[in-house]
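Q: Next comes the sequence, and after it the predicted model I'd like to discuss.
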Amino acid sequence: MSTSQTGILSRVAGSVVVGSGITDIMMGEVVLVGREELVGEVVKVTEKSFTAQVYEYTGGIGPGGKIVATGKRLITELGPGLLNRIFDGVARDLELLFRERGSFIERGVKVNTLRRDLNWEFTAALAKGATVAPGDVLGTVQETPMVLHRILVPPGMEGTLKQIEETGNFKVDESVAIVSNRQGEHKLTLMQEWPVKIPRPFREGGRLGLDLPLITGQRVIDTFYPIAKGGAAAIPGGFGTGKTITLQQIAKWSDADVVVYTGCGERGNEMCDVLTEFPNLKDPRKGRPLLERTILLANTSNMPVAAREASIYMGVTIAEYYRDQGYDVALMMDSTSRWAEALREISGRLEELPVEQGYPAYLPDRVAEFYERAGRMEVMGRPKRTGSVTIIGAVSPPGGDFNEPLTIATLRYAGVFWALDPELAFSRHFPAINWLKSYSLYSGPLLSSFTQSWGSYSEYGKTSEWWREVSSGYEEYRSRALELLNDAAGIESIARVIGESALPDDQQLILLTAQLLREGFLRQSAFDTVDAYCEPQRQVLLLKMILDFNAQAIKLVKKKVPIDIIRELPQVPLIMRAKEHPGRTEHIASLMAESHKELEKIANSYGFTIKEGSDS
Amino acid sequence: MFVKDVGDASYDEIVKIRGSDGIDRMGRVLDAGNELTVVQVLGSTSDLQADVALKFTGSTFKIPVSDQVLGRMFNGLYRPVDGLPPVYSEDLRETDGKPINPVARSQPNNFIQTGVSGIDTMLSLVRGQKLPIFSESGLPHNRLAAQIARQASVKGEKEEFALVFAAIGLKRDDASFFVDQFRNSGAIERSVVILNLAEDAAVERLLTPRIALTVAEYLAFDMQLHVLVILDDMTLYCEALREMSAAKEEVPGRAGYPGYLYSDLATIYERAGILKGRKGSLTQMPILTMPGGDIRHPIPDLTGYITEGQVFLDRDLYQRGVYPPINVLPSLSRLMRSGIGISRTREDHQDVADQLYDTYSRGVRARDLAKIVGQVGLNERERRFLEFSEVFEKRFVNQGDFESRSIEESLDRAWDLLKMVPETELVRIHEKFMEKYHPLHRAQKMVE
Ligand SMILES: Nc1ncnc2c1ncn2[C@@H]1O[C@H](COP(=O)(O)OP(=O)(O)O)[C@@H](O)[C@H]1O
Ligand SMILES: [Mg+2]
């Protein structure tokens, strides 16, 4: 691309402007529009003119105004100082904007993504004379107490280290090393730039299998429909069904190293919520404030539409950059529908031919390109390391109806589908993830590594042997639970016609067990101090408690013990409450023993025994 | 309106248009091009011929604001309709407003007691929230909005809300209803009324809510007042937008509404909140009538995706004599949680609300079942839930126009109802609250 050239505007209509007078302008090139130099991007080039979308409000600008082509693509700055901060859709630091310009976002303000005034303590990992290639770790900076930032040799750069600072304090744009190669000498700084629409490279053939779970601490996810590190999940649902809270829960509690949370075309107060809450919440593994591993991107619904497009690419590029350092990154996108609508709006203004519901024909391609950027891989450079980008995208289908272009396109590329159900949301059963309609293509391999991850676990006097035994039945519990829920759904539809009391006792027991599963396992309040995050071992134990209860109760029902006697047991409501009990695992273990004893007592009074330890 | 060879028009600029009839109109530039410029005429175009005089003002639409706006009444273009002179001020504000920097927001968490049990207990409104009423024509949404405006208060504070009321395409008697209400309650002195009536030009409706919000932002963030904005009826706003979009021959989206309806509505609804370092707040209560009572219609649908919840009015409840006919199940307040609880309302508030949702929804299900199998087909438990739902509607949701219940009163009422179902079913309430608030336990304690 050329260096900067100035042309002239011939038309301004909202976020779309037309200019002429720049001969070799390119698609995707960044332009500066009008006196205030509003940032935009070229989206169409014809022989005589070109069209750009502008990331800010264009009021007051008209034909005859100037338009400058910069010769650059839309890039973002990458380096220390991304974590613990919040940016807008074009990666301007919102905190700085607030301090300099006040409460409302003025247009045309330029602020950098990375602060230029901060010093970072750099420690070299390589010595002078080393040969370096892209992705090699030059050194490190402790970006936050939770994340060690690895300074990488940028893509495309190789040669010999002519010079490197061993240790010292540097600003992001100060040189810490010099690489020499045939083209000459190149300064390396703590930061680099990357064009956001192009995926960052990784080691060739380096894509790895998706067999490690991203543990979220949400039971219906981890146990029933798990997501792999490097996988992609879609969470579609009408308004109020729980998309945002679910994404926030995963952002808070998942075992990712870095979280990139993108609010795209959504509410300002929700971003404020995250900013208020995250500093006060501690990472359950590292005990540090969550914001220390989090990067926020906010392009709220009332901010310029074109910037929504930018924001999702900013988000995924930043995620890839931390992946390249060797981290597991989780990228939350709330909501991909707003991005798709932005595409539609711009496409409409370009007078392109729409295919379905006004969306351009290339929507599925864009969706595919975006989700392709998820993955777990061997990254470039030495030392050898792996990293991952997990993408979790909310979809906001019109009228909550999943039969629409974006939901359909997304499901083609996402391996996990969490289907949100308004009926559940209405009765405040959250997460309102429908357990019959959802799926995860990763569930098989993930479940076994999920339990292996704590095979050596010991707690409350229980040996790791005991835990290993409990967890070895996990996959079986899961399928048994799903089977029960499935059966219950069938029985319920019969009950809706003939009434529950007309059902035989064994079917009523299935309904009772399903209720225990729903209330005692599937429901999980994001706001409960005990239950917001449910450790894997508690998930297993809760499930085992309910299924053991069921297995034992089946024996009673077979021996003609009336179902009401079982239903009236004082342990029944306790089982439903156990998830929120501050006694956690210990409480569940003792409740399990207690309910077994009670069922046994009933059996005895009917003159038989439930065999000790029997399972099904 | 299309204009040729304008030269130096700019996007969104205001244009003065004088027709051959000598009447001045206002317009704004929608598309500024070298050869062709598109101007949207604000007001009636019926007498406009091809020979008009245009004056491009070089400025986007701005209105003067000052503390003199309180107690005043304007039309949908901000011209006084109360016989007083126009507002004079050098402080001119763009009616489109600017997005609030998310960093500048402070979390809304002051519980507003509306005195309406259904809202306060289960859909708590907080200062700075945008909470619409989803209604249908013929339902008492105006009564409810007026009741809220009358009764809204914040615990421990004397300051009353300043009211900004924007009538958007309302019939004259609906608009008068509000103005009379404000007069009777003495609120008129601290209100601003912007009236775009059914007979006014539809295109003006695009400006009306924005003028109202520009005034409201001034009152909230410059004058530091707590402001409640009522926008009524947003459906008519959307219809005006559709009309304009059709005139521009844009590709229509769902139900003929333009594809950018979401973004457009967001530039209205997102203008609510509280700012760091400022005392005031801007609370929005938009009202919309769902065409065909369908919550999936694009207008309520896109609104719900932007606002922080919704209060859903139900024709069926109203026909059964329940006022306000709030169906709590599809209703929601997203900011409730930060506004309630131990130091704000009462420690058991959230649990009680969760339990009411659960129990009521089971009652509604039992009612549906009874329609098929008859009351006799229900088991004992289902019958109790069914009975609960009836009593819940009649004694809890239902209340008088001038009945204002404190939150404690509403919560106590809720407990009284919950006592109808077996304690073992109340698993959404933490045990410590059961012991402290459940009427049976309380009675027991007294005996001891
Ligand atoms: N896991 C959860 N636990 C408790 N409440 C929830 C949960 N998920 C959603 N909610 C409730 O539902 C409301 C809407 O959820 P939200 O995630 O904002 O929906 P969406 O983003 O789909 O519109 C929240 O304000 C909250 O009250
Ligand atoms: Mg949301």
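A: Received, thanks. Ligands and ions are numbered 1, 2, ... in the order given.
Q: isn't B:D8 right up against A:I61?
A: No - look at B:D8 against A:I61 with CB atoms under 8 Å: they stay out of range, at 10.9 Å. Any C-beta I mention is one placed from the backbone N, CA and C, and that applies to glycine too.
Q: of those two, who's got more company?
A: Between B:D8 and A:I61, counted using other CB atoms under 10 Å in any protein chain shown, the more crowded position is A:I61 (25 against 13).
Q: Can you say which helix or strand has that one in it?
A: Using DSSP states H and E, A:I61 sits in no helix or strand.
Q: how close does B:R28 sit to A:M26?
A: Using CB to CB, to the nearest Å, one gets 34 Å for the distance from B:R28 to A:M26.
Q: residues in the stretch 201-350 of chain A within reach of ligand 2, list them.
A: Residues of the stretch 201-350 of chain A lying close to ligand 2 (CB under 5 Å from the ion) are A:K243, A:T244.
Q: just the stretch 1-150 of chain B next, same as before
A: Counting by CB under 5 Å from the ion, no residue of the stretch 1-150 of chain B is near ligand 2.
Q: how about low-confidence regions in the stretch 1-150 of chain B?
A: B:1, B:4-7, B:44-50 (pLDDT under 70).
Q: Quick check: the residue of it nearest ligand 2.
A: B:K130 (13.8 Å; CB to the ion).
Q: the more surrounded of B:R28 and A:M26?
A: Between B:R28 and A:M26, counting by other CB under 10 Å, B:R28 is the more crowded of the two (21 against 15).
Q: Nearest spatial neighbour of B:L42, chain-adjacent residues omitted?
A: B:M26 (4.6 Å; CB to CB, 6 or more residues apart in numbering or on different chains).
Q: Check which helix or strand the one you found maps to.
A: Judged by DSSP H and E, B:M26 forms part of strand B:24-33.
Q: Any buried residues in that strand, and which?
A: Buried residues in strand B:24-33, counting neighbours by 16 or more other CB atoms under 10 Å in any protein chain shown, are found at B:R25, B:M26, B:G27, B:R28, B:V29, B:L30, B:D31, B:A32, B:G33.
Q: what do you get for stretch B:366-373?
A: B:A366, B:R367, B:L369, B:A370, B:V373.
Q: Need the max-distance pair from the residues you listed.
A: B:R367 and B:V373 (11.5 Å; CB to CB).
Q: B:P80 bridge partners, please.
A: B:F74 (DSSP bridges).
Q: Could you count how many residues lie near it?
A: 13.
Q: Mind pulling the model confidence for the residue nearest to B:G138 when sequence neighbours are not counted?
A: Of all residues not flanking B:G138 in the chain, B:R315 sits nearest, at 7.6 Å (CB to CB, 6+ apart). pLDDT recorded at B:R315 is 96.
Q: Repeat that for the one 10 residues further on.
A: The predicted structure scores B:P325 at 98 on the pLDDT scale.
Q: right, and it touches B:F312 too?
A: No - shown here, B:P325 and B:F312 do not form a contact pair, counting by CB under 8 Å, at 9.2 Å.
Q: Have a look at chain B and report its longest helix.
A: Longest helix of chain B, by residue count under DSSP state H: helix B:349-373.
Q: And that helix, what does it pack against?
A: helix A:474-498, helix B:117-122, helix B:336-339, helix B:380-391, helix B:407-418, helix B:431-437 (3 or more CB pairs under 8 Å, 6 or more residues apart in numbering or on different chains; DSSP states H and E).
Q: Buried deepest among those, which one?
A: Of all those, helix B:117-122 carries the top mean neighbour count, a mean of 26, counting by mean count of other CB atoms under 10 Å in any protein chain shown.
Q: Touching the helix or strand that that helix is followed by from outside, list them.
A: Remark: after helix B:117-122, the chain's next helix or strand is strand B:125-126, criterion DSSP H and E. Here strand B:125-126 makes contact (CB atoms under 8 Å, 6 or more residues apart in numbering or on different chains) with B:108-112, B:114, B:119, B:131, B:148, B:152, B:283, B:333, B:335-336, B:338-339.
Q: same thing but at 7 Å, please
A: Outside strand B:125-126, the residues within contact range by CB atoms under 7 Å, 6 or more residues apart in numbering or on different chains are B:P108, B:N109, B:N110, B:F111, B:I112, B:T114, B:I119, B:L131, B:S333, B:L335, B:S338, B:G339.
Q: that older thread, give me the distance between the residue nearest to B:L42 and B:I17.
A: Taking CB to CB, one finds B:M26 at 7 Å from B:I17.
Q: Could you save the buried residues of strand B:24-33 as CSV and add columns showing distance to A:L482?
A: Formatted as CSV, the buried residues of strand B:24-33 follow (distance: CB to CB, whole Å):
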residue, distance to A:L482
B:R25, 66
B:M26, 63
B:G27, 62
B:R28, 58
B:V29, 59
B:L30, 55
B:D31, 56
B:A32, 60
B:G33, 60
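Q: Spatially, which two of the residues you listed are the most separated?
A: For the buried residues of strand B:24-33, the farthest-apart pair by CB to CB is B:R25 and B:G33; their separation is 21.6 Å.
Q: what helix or strand is A:A298 on?
A: strand A:294-299.
Q: Report whether the next helix or strand after that strand contacts chain B.
A: Using DSSP H and E, the helix or strand that follows strand A:294-299 towards the C-terminus is helix A:306-324. No - counting by CB under 7 Å from any CB of the partner chain, chain B is not contacted by helix A:306-324; separation bottoms out at 9.0 Å.
Q: which residues sit against the helix or strand just after helix A:306-324?
A: Once the chain leaves helix A:306-324, the next helix or strand it forms, by DSSP H and E, is strand A:328-334. Identification of contacts with strand A:328-334 by CB under 7 Å, 6+ apart yields A:214, A:229, A:243-244, A:247, A:250-251, A:254, A:256-264, A:266, A:312, A:315-316, A:319, A:322-323, A:387-394.
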